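Novice: Could you look at this predicted model? Sequence included:
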Amino acid sequence: MTALLVALGLCILGMIASVLGPKSVGRTSGFALLGIAGIASVAAAATRSGDSVQRLSLGAADMHAVLRLDATAAYFVGVLGGVAALVAIFALGPRGSDERRTGRTASASACSILFASLLACAANDVLLFIFAWELLALTFYWAIAYGGTDKTAPRSAYVAVAVTHIAGACIVAAMLTLARTAGSFDVDSAIAASAKLPTAGAGIVLVLLLVGFGAKFGMLPVQGWMPYGYRSAPAVVTALMAGGALNVGFYALARFVVSFPVAPLWFATLSIAIGAITAFFGIAWAAAQRDLSRLAAFSSIENGGIILAAFGVAIAGRILHQPGLTGFGVAAAFVQIAAHAAAKTTLFLCSGSIGDACGTTTFDRLGGLARPMPLTTAAALLCGMSLAALPPLAGFMGEWLVLESLMQAFRTGNIECEVVFALAGATIGVAAGVAVVTFTKVIGIGMLGAARSSSATRAFERVRSPWRGIALVIGCLAILGVGIFAATLLRAAAPSIDELAGTRAAEAMIGTFPLVTPTFGGFSSVSPGGLAIMLTGFTLLFWIVSRLFARPPGRSAMVWTSGETYRAWTQYSGTGYSNPTRVILDAGVRTVREIEADPRRYRSEIRPFFDLPFYRAVTAPFLRIADVVRATQSGVIAAYLFYILAFTIVMLILFPSVRHW
């Protein structure tokens, strides 16, 4: 708890130093304090002993400032701290070209995001949690609207704050209902009191919580803010948002929804179905993107859906009184959370390096970056492989566990669960296949080939400061480590997994070390370390064979381009490469195509479901009501006096009835 308090204090100091520090000194000081706060957060998670729960009340009891550090909170505090430290190391290098002015706003908003995230994970009071959640939404708005240089930032910030505040209203309604039922604002008491709610009331509260928390990690249909917000914020802040703060939504799911004592079975199947659909549409929309940052944002939506499906399995296990299934679902979600945090943070940092070097992250203006930017290319390759779930990396272990948890449908003995589990597993499997195509485009189109623009031709690795290189190397090691040492991660998360499952689920998964198995013995197993050794051995063997046997002499010739001289634009473009996938998935992707007079100018743009037109249609009735109410606000004092008189007359007429009530 002391280390956690130090981390919170350092975040506040980082905000102050960023705002008051002169020019670049303020930025450097802010990110340095962010990094130290991240390290303190990791220390808080690592030094928490066993199953202990630490509580701390700050001030009088009626201030509601009560903190708690237990196994579940510690896991997410550790992930948040690791991401913050990685982002801070990268940011200590040169200021990004997408940071506004001196970059002090970027560092201040990053510190505030970490502060709000840690506070939400440690809050042991319903009102304090609501405060931290709303504070996190406001810090997102600050980073998006004022941190970067993107011209669409005002609209992006408005969409972000609108969606997250609607979600916040759902959370407030659900949380206050639980608190009133419990007669206390203590988090554990509020969750336990949900057992007193009628079945219909419990279902409504759960749906409100799911919508509210889902907005943070991109669940359909409240995912619309992410592609806009992630692109408009500076890359270093976006990395913290996507790899770190997004996990606050998953923490809230684990704390409030998975722990819900009484829940209807339809809610579990609904969560799994929404998760699978979110994963599929997220990666389908990502495949059609022409910009790396937007592609990464839609990829975050996909991963949010995968993790939600795993939590849905855990909820189903709790409802059906199968603690092994609950533990397996939680464990799969936790591994995928760590995998996504490592890969997505590093990918957005790579996007920042590419944007600085080329002035753009649009695929059709990139290419030819492998030689001038070898470290960024290698890091992006590793991120893409992990997010495409290729072994033995972190993403493979996370998605393998999620799919294995969905394969346990036959253990439920419920036909509804069996059908939903099977369809969700097939949907996520298809999404994994589309992810391979998507991230092949990132590397093949974005990094390899010839330069597609003069800015890409002049690109170079920014190695004048070692900080960026160190951050990318650490990110790559984290991706490898979470994959190869998944058993170690599960052992570290065992107190939280077992606490939520009510049984020693983690031990059942790693009891046959170095194998990782489902909580049910004899079903399947995988050895991440063995996969790594095998793949490394085959690679080394191929290299040796290629050196032992001489190849025939090569001959250089002009590239055949239908009789024309080769030029960079004759390569596959990002749009051209993803076009077959887009055509197959067009019913869901909904691409709008434009062909200009010049035959070389072809532009396509996707229009996802639940995007701005959907939100406009939903909000139209409320805006009409607001127009009617606004008409009564004339600003004329006589009108307001008339309202008071009319209200008084009505109350006098109804007084006997009112008194009877």
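Specialist: Good, I have the coordinates.

Novice: Tell me who's in contact with residue 125.
Specialist: Counting by C-beta atoms under 8 Å, 6 or more residues apart in numbering, residue 125 makes contact with 64, 65, 66, 185, 186, 187. For the C-beta atoms, the positions are set from N, CA and C on the backbone; glycine is no exception.

Novice: Try it again at 6 Å.
Specialist: Contacts here follow C-beta atoms under 6 Å, 6 or more residues apart in numbering; on that basis residue 125 touches 64, 66, 185.

Novice: Pairing-wise in the sheet, spell out the partners of it.
Specialist: With DSSP bridges as the criterion, residue 125 is bridged to residue 186.

Novice: I'd like to know how far it sits from residue 255.
Specialist: 13 Å (C-beta to C-beta, to the nearest Å).

Novice: Compare the contacts of residue 125 and tell me which has the most neighbours.
Specialist: Counting neighbours by other C-beta atoms under 10 Å, residue 185 comes out on top of the contacts of residue 125 with 23 neighbours.

Novice: Looks like that residue contacts residue 179 (just checking).
Specialist: Yes. Between residue 185 and residue 179 there is a contact at 5.2 Å, judged by C-beta atoms under 6 Å.

Novice: shared neighbours, the two?
Specialist: When contacts are counted by C-beta under 6 Å, 6+ apart, residue 185 and residue 179 are jointly contacted by residue 126.

Novice: Where does the residue nearest to residue 109 when sequence neighbours are not counted sit: helix, strand or coil?
Specialist: Take residue 109 and drop its neighbours on the chain: the residue closest to it by C-beta to C-beta, 6 or more residues apart in numbering is residue 143, 3.8 Å away. Using DSSP: H, G, I helix; E, B strand; the rest coil, the structure places residue 143 in helix.

Novice: Give the full set of residues in contact with residue 143.
Specialist: By C-beta under 6 Å, 6+ apart, the neighbours of residue 143 are 109, 233, 237.

Novice: out of these, who has the most neighbours?
Specialist: The residue in the contacts of residue 143 with the most neighbours, by other C-beta under 10 Å, is residue 233 (35 neighbours).

Novice: roughly how far apart are residue 449 and residue 569?
Specialist: In terms of C-beta to C-beta, residue 449 sits 11 Å off from residue 569.

Novice: So if I had to pick from the two, which one is more boxed in?
Specialist: Shown here are residue 449 and residue 569; by other C-beta under 10 Å, residue 449 has more neighbours (17 against 11).

Novice: Setting aside sequence neighbours, what's the nearest residue to that one?
Specialist: Leaving aside its chain neighbours, residue 449 sits nearest to residue 367 (4.5 Å; criterion: C-beta to C-beta, 6+ apart).

Novice: residues contacting the one you found?
Specialist: Counting by C-beta under 6 Å, 6+ apart, residue 367 makes contact with 449, 450, 451, 452, 456.

Novice: Quick one: buried ones out of those?
Specialist: Among these, those buried by neighbour count (16 or more other C-beta atoms under 10 Å) are 449, 451, 452, 456.

Novice: any idea which of these is least confident?
Specialist: Scanning those for pLDDT, the low point is residue 456. It has 78.

Novice: That's all I had, so thanks and see you.
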